[in-house]
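K.L.:
requesting a structural model of the entry that follows:
(2 chains)
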Amino acid sequence: MTSTPLRGLLSADVSVATAGVSLFADALRSQAVPVTETAWQPPLDGTSADLSVVLADPRREEANAEAFRRMTAAGADLVDVRPASEALGLEKGTFLHAGPPIEWERASGPLKGALIGAMLFEGLADTAEEAEARLAKGDGITLEPCHHRDAVGPMAGVVSPSMWMYELRDEAHDGTSWCSLNEGLGKVLRYGAYGPEVVDRLHWMNSVLGPLLQQAVRKAGPIDVKAIIAQMLQMGDEGHNRNRAGSLMLLRELLPALITADGSSDDIAEAVRFSGANEHFFLNLGMPACKLATMAAHGIPGSSVVTTMARNGTDFGIRVSGTGDEWFTGPANTPEGLFLGSYGPEDANPDIGDSAITETAGIGGFAMAAAPAIVRFVGGDVPFALRATQTMYEITVGEHTAYQVPILEFRGTPTGIDVAAVARTGILPQINTGMAGRVAGTGQVGAGLVTPPEQCFTGALRALASRAGG
Amino acid sequence: MPDHVELRRGAYYDSVSLMQVSRTVASAPGVEAAQVAMATDLNTDVIRGMGFTVPDDAGTNDLIVAIRGDEAAMEAGRAALESALADLKNAGAQSGGFGEAPPRRTLGGAIDASQANLALISVPGQHATVEALDAIHRGVSVMLFSDNVSVDDEIRLKDAAAAADVLVMGPDCGTAVVGGVALGFANAVRPGSVGIVAASGTGAQQVMCLLDAAGVGMSHCLGVGGRDMSAQVQGRSTRQALAALAADEATTSVVVVSKPPAAEVLADMQSYAAGLGVPVHWATLGAGRPDLTAAVEAALRADGHPVPEWPSWTTDQEPAAAGALRGLFCGGTLADEAMLIASEQLGGIRSNIPLSPELALGDDLRHDSHVVIDFGDDGMTQGRAHPMIDPSLRLERIATEAKDPTCGVLLLDLVLGYGAHQDPADELADAVRAARATAREAGRDLPVVVSLTGVENDPQGLERCATTLQQAGASVFLSNAQATRHALSLLTAQEH
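P.N.:
As a prediction, this is how the structure comes out:
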C-alpha cells in the first residue's frame, strides 16, 4: 500500500468523468466540480457478456499495447518487382483473390469477371465462356485469399502466376508482403472487366512495365514506402482513395532509375506516361506497407486488435491478433457515394477488395481529416472529414507515431482497431473505397464510403471471450 | 435528341466535386444524361461510352460538359451546372469552421480526455462492469450507482480495484461525498471530521443528516455498495475505505453504516478496524442491534459531543381506528430500519425486501396486514428511474392505500439533497392531502407520518419541505426511527 491510499483521492481536488444519467453530471456542475460526460450508448446487441469477459482478460491491455507497438514500428521498404510465380511460388491454375475465402458459386460479379480475365491472360481459356465453364467446373483451379500468402490485392485482388508483384520488406519484424501492379482506372481487371483491352494491358504490364520497374527498383531501392505514406498524409492524401501525392513521390523516387533502364525509349516513355497518369499508382505500395504493419501485430494472445479487414465482394471478413488465422465474416455492405457516367446505386456491387488493410493500419478512412478534398464522396463537408477521423479514435488503441494529421495539430492517426471498443460503442470502422459494377465485365462504377457488418466484430469478440474464459 | 458538348479551358475542379456536379446536372428536369468532368482519357472514354461526341482537341486540363435532352432540358441542365459550379466556389466561404470534436463514447475516453480522478457510472447494470473496468485500469476510483450488477462482477471489480489501489463505491451505491463533493444522492452537510463508510445510501444520508443536526460535520462519505458486507463480498471495499479514512488527516473518527451485514463479516471488519488507530463506530442494522439514531447518539457521546433533541414537525393526528401499518419507502435502509423497529411490536412485516423469506410479498405487492415496500429495490427499478428521481410509482401506491380500508397508518420517507427530485415535498404533500381526503370520504381517518432526511443547506431546504408536509397533515421527523415509533404509536393506540 502506498503512503496515501486510493492514490491520494481524499486529499485531491475532485474532477469527475460520468457515464449514464446526466442528472448526476448536472448536480456536480451545480457544485462547480469539473465534469466530463460520456456520450454513452448501449453496446452492440448480445455483446455484454462477452465484453465483460474480454475487457477483464488480464492479458489484453499489454497484448494490445504490444500489437500497437509492433504495428507502428513495422517498416516497409520496396525491394523488388517480380512475377507471382517466382515471388509467391504461385502455380498455374492457382488464383489469389481479395477478402476471405470463397468458392466460385458464391463469388460476386466483379470477382468472377476478374477470374475470367486472369484465365484468358494466363492462356487457360480462349474465350470468356470457356473460362467461366472451367472455373465453374473447378478442375485444376485453386482459389485462395491473397492474405493467406501475405499478399494484398485491391478490389477483386485477383493474382495469377504470371502477374508481376511489388515485394516489400519489414526488416524490423522480418516480414515480407506482396501486391500486384496498379492497372489504372476505368475498365480494369481488378474492377471485374475482362475485355481485350484489359487483357492486352495486362500483357503489356507483364512484358514491359514489370521488367522496367524491376530494373528501377533494384537500382534505386530499397525505397522507404512508410516515409512516403507519412508525407502524403501531409499533402492531402489519405492513402486509400486519394493517392495523388504518394504516386508523384513514388515516381520521383523511381524516375532516375527508370529512364536509364535497359529498354527501348518508346517502352520507357510509355511506362513513365502510364505510371504518371495513374493517380492510384501508389495504392499498390501503400497496401502491402499496411499489410506488413498488421502482420507484425498479428498472433499476440489476448490482443483484441484487428489485423485484417478484407472483402471478396460477397463477404466482409476480419481477423484479429489474438484469435489466429480464423476469419470472422458477414455479408459485405454496398458502399454509398458517387457514380461515374450514367451508373447508379443499382449497378454497384457490394464492398470488395483487400484495400481496407489501409484502415486496419490507421490510414485511408481513418486519416480522412488529412484529405479534406475527398469528403465530397459522401456529400459531406470538411467538418465531416475531421469528425470521421476523430470518431475513429474511439475504437482504436493508439495514435500512429509516424502518420500524422496536420489539421488536428499533427495528432497521430487512429491506429489499431479494438474489437471490444467497436462492440462497446457501436462505431464501425470508416472505410473509403472504390465501387465495382455488379455485373462481371463492367469495371468501376463509382467511389464512396462503407462500413463492415457488425457481425464480424461480434463474432470475433465471442471468440476472444471463449479464449479468455479458459 | 440533341447533345450538347462544351469544353471550358482553364477551369479546374477536382474529380470528386465534379461527380457531384454531374449528379446535379443529370437530375435537372428533362435531362436524359449528363457528365461534367475534366477531360482525362478515362473521363472522355466514359463520356464517349454514354454516346457523346468528344472534340478532338479536349485536353486533360479542360472541363468537359456533356448534356443530353430537349431544349428546355438543356436550359435546365446548364442552369443547374452554373449553380452547382458557383456552389463549389462558395462552399469554402460558407464553411462554418471545423466543428467541435465528437464527444467521447466510452468512460475510458472521457477519463483520458479530462484527466478525471473519479468516475461516476449510472448506465444500466448489465453494461456497468465494462465502464467500471475502464476507470479501474486507468487508476481512477469509481462510484457505481448502477444496480443489477452480478455479485461475481462486483467481486471481480473490487479485486481489480484493490490491485490498482482505487476504490469501487458500489454497485447500487447511491451516496458518496468525496472532499466535500456530493456524488449521486447526498446532503449538503457541514464539513467536519467524521468519515462515513456506507454500505447503504439512504442509511448514510440519515446518519450524515443526524450528525449535521447535532452540529457535527463530515469529512468524506465513502460508499461501498449494499452487498459489500455480505458473506460473498466479504467487505472488500469496506476494508479499503476504512484504511483510506484512517490515513486521512481531515478524519478523526469513522462511522460505518450498513444494512444488516453478515455476522462473520461484521466481526472481521470490527477486528480490522480496531487496528487502524482511529475510533470506528458501527451503525449496522440488525435484529437486536441499535437503530441508526441510537447508533449516531452513541457515536456522538463517544466522541464527546452532546446529543440534541432531534427535529420534528408534528401535527395532532387521531390514532387510526383500524388497519395495519403501510410503509412506502424510497430508501432501502430506511425501510429496513422501519421493519426492524416495527416488527418488535407488530411481528412479521410483509415486504419486497423482507427480513425473512416467508414474509415476501407476491408480485402485486399487496397484503391485508402490515406491509413495508422499498420502491428503490433492484426489482422495482429495472427500466425505470429510482423513486428519488421519479416518484410516480410510489405516489400511485399512496392513492391506492388511501382507498384500502386495511390501511391504518401511512409511513413515508422523503430524502432531500443533491441528485434527488428538485421539489419532492409539494408533490408528496399533494398526495398526502389527497389520500387523507379520500380516506375521510370513506369515513376513515388516515394518519400519515413522514421520515424526512435532509439538511437546511440542501437545494430543497429542510424547513420548507417539513412545513409543507406538516401543512398537508403529516407528522414529520428527521429521525427515521422516531418516525417509525410515532407511526406505531398511532397504530397501537387502536388496540387499547
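K.L.:
name the residue closest to the centre of chain B, please.
P.N.:
Chain B has B:Ser122 as the residue nearest its centroid, 5.2 Å off, counting by CA atoms, centre = their mean.
K.L.:
wait, it touches B:Ser146, no?
P.N.:
Yes: contact criterion CB atoms under 8 Å: B:Ser122 and B:Ser146 qualify, at 5.8 Å. Every residue, glycine included, has its C-beta placed from N, CA and C.
K.L.:
contacts only, for the residue in the stretch 101-250 of chain B that chain A sits nearest to.
P.N.:
Closest to chain A within the stretch 101-250 of chain B is B:Ser122: 3.1 Å, counting by CB to the nearest CB. Neighbouring residues of B:Ser122 by CB atoms under 8 Å, 6 or more residues apart in numbering or on different chains: A:Thr18, A:Ala19, A:Gly20, A:Val21, A:Phe24, B:Phe145, B:Ser146, B:Gly184.
K.L.:
which of those fall within helices?
P.N.:
Among the contacts of B:Ser122, the residues falling in helices (DSSP state H) are A:Phe24.
K.L.:
pull out the buried members of the contacts of B:Ser122.
P.N.:
A:Thr18, A:Ala19, A:Gly20, A:Val21, A:Phe24, B:Phe145, B:Ser146, B:Gly184 (16 or more other CB atoms under 10 Å in any protein chain shown).
K.L.:
what strand or helix carries A:Leu168?
P.N.:
strand A:164-170 (DSSP states H and E).
K.L.:
just checking: what are the partner strands of that strand?
P.N.:
Using DSSP bridges, strand A:164-170 pairs in its sheet with strand A:77-83 (antiparallel), strand A:175-180 (antiparallel).
K.L.:
mind listing residues that contact the last one?
P.N.:
Contacts of strand A:175-180 with the rest of the structure, by CB under 8 Å, 6+ apart, involve A:74, A:84, A:87-88, A:149-154, A:157, A:159, A:163-170, A:190, A:284-285, A:287-289, A:291-292, A:295-296.
K.L.:
how about the longest one?
P.N.:
The set of residues that contact strand A:77-83 without belonging to it, under CB under 8 Å, 6+ apart, is A:87, A:161-171, A:181, A:206, A:210, A:213-214, A:217-218, A:221-226, A:285.
K.L.:
remind me which residues of chain B are low pLDDT?
P.N.:
Chain B contains residues with pLDDT under 70 at B:1, B:10-12, B:14-16, B:89-99, B:492-496.
K.L.:
output the longest helix belonging to it.
P.N.:
helix B:71-94.
K.L.:
tell me what the helix or strand just after it is packed against?
P.N.:
Past helix B:71-94, further along toward the C-terminus, the next helix or strand under DSSP H and E is helix B:107-114. In terms of contacts (3 or more CB pairs under 8 Å, 6 or more residues apart in numbering or on different chains; DSSP states H and E), helix B:107-114 is packed against strand A:16-19, strand A:35-37, strand B:118-121, helix B:125-137.
K.L.:
cutoff 10 Å now
P.N.:
Using 3 or more CB pairs under 10 Å, 6 or more residues apart in numbering or on different chains; DSSP states H and E, the elements in contact with helix B:107-114 are strand A:16-19, strand A:35-37, helix A:419-425, strand B:118-121, helix B:125-137.
K.L.:
CSV for those, including distance to B:Leu325?
P.N.:
Output for these, formatted as CSV (distance: least, CB to CB, whole Å):
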stretch, distance to B:Leu325
strand A:16-19, 39
strand A:35-37, 42
helix A:419-425, 47
strand B:118-121, 36
helix B:125-137, 32
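K.L.:
count of neighbours near the residue nearest to A:Ala261 when sequence neighbours are not counted?
P.N.:
Computed as CB to CB, 6 or more residues apart in numbering or on different chains, the closest residue to A:Ala261 that is not its neighbour in sequence is A:Gln215, at 4.2 Å. The number of residues packed near A:Gln215 is 18, by other CB atoms under 10 Å in any protein chain shown.
K.L.:
burial of B:Leu412, as a residue count?
P.N.:
B:Leu412 has 26 nearby residues by other CB under 10 Å.
K.L.:
quick one: strands adjacent to the host helix or strand of it?
P.N.:
B:Leu412 belongs to strand B:407-415 when assigned by DSSP H and E. When sheet partners are counted by DSSP bridges, strand B:407-415 sits next to strand B:324-329 (parallel), strand B:448-453 (parallel).
K.L.:
and those, which is most packed in?
P.N.:
Comparing the strands paired with strand B:407-415 by mean neighbour count (mean count of other CB atoms under 10 Å in any protein chain shown), strand B:448-453 ranks first with a mean of 29.
K.L.:
show me where the stretch 201-350 of chain A has strands.
P.N.:
Counting by DSSP state E, counting those that start in this stretch, the stretch 201-350 of chain A has strands at residues A:223-224, A:306-312, A:315-320, A:328-331, A:336-339.
K.L.:
how about the strands paired with strand A:164-170 in JSON lines, adding distance to B:Pro319 and mean neighbour count?
P.N.:
Converted to JSON lines, those look like this (distance: least, CB to CB, whole Å; neighbours: other CB atoms under 10 Å in any protein chain shown):
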{"stretch": "strand A:77-83", "distance to B:Pro319": "94", "mean neighbour count": "19"}
{"stretch": "strand A:175-180", "distance to B:Pro319": "87", "mean neighbour count": "25"}
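K.L.:
run a quick neighbour tally on whatever residue of the stretch 351-496 of chain B ends up closest to chain A.
P.N.:
Nearest residue of the stretch 351-496 of chain B to chain A (CB to the nearest CB) works out as B:Tyr418 at 4.6 Å. Burial of B:Tyr418 is recorded as 24 neighbouring residues (other CB under 10 Å).
K.L.:
check B:Ser27 too.
P.N.:
Neighbourhood size, B:Ser27 [other CB under 10 Å]: 12.
K.L.:
cool, A:Thr4 as well?
P.N.:
By other CB under 10 Å, the residues close to A:Thr4 number 16.
K.L.:
tell me the contacts of it?
P.N.:
The contact partners of A:Thr4, by CB atoms under 10 Å, 6 or more residues apart in numbering or on different chains, come to A:Leu10, A:Ser11, A:Ala12, B:Asp165, B:Ala244, B:Ala247, B:Asp248, B:Glu249.
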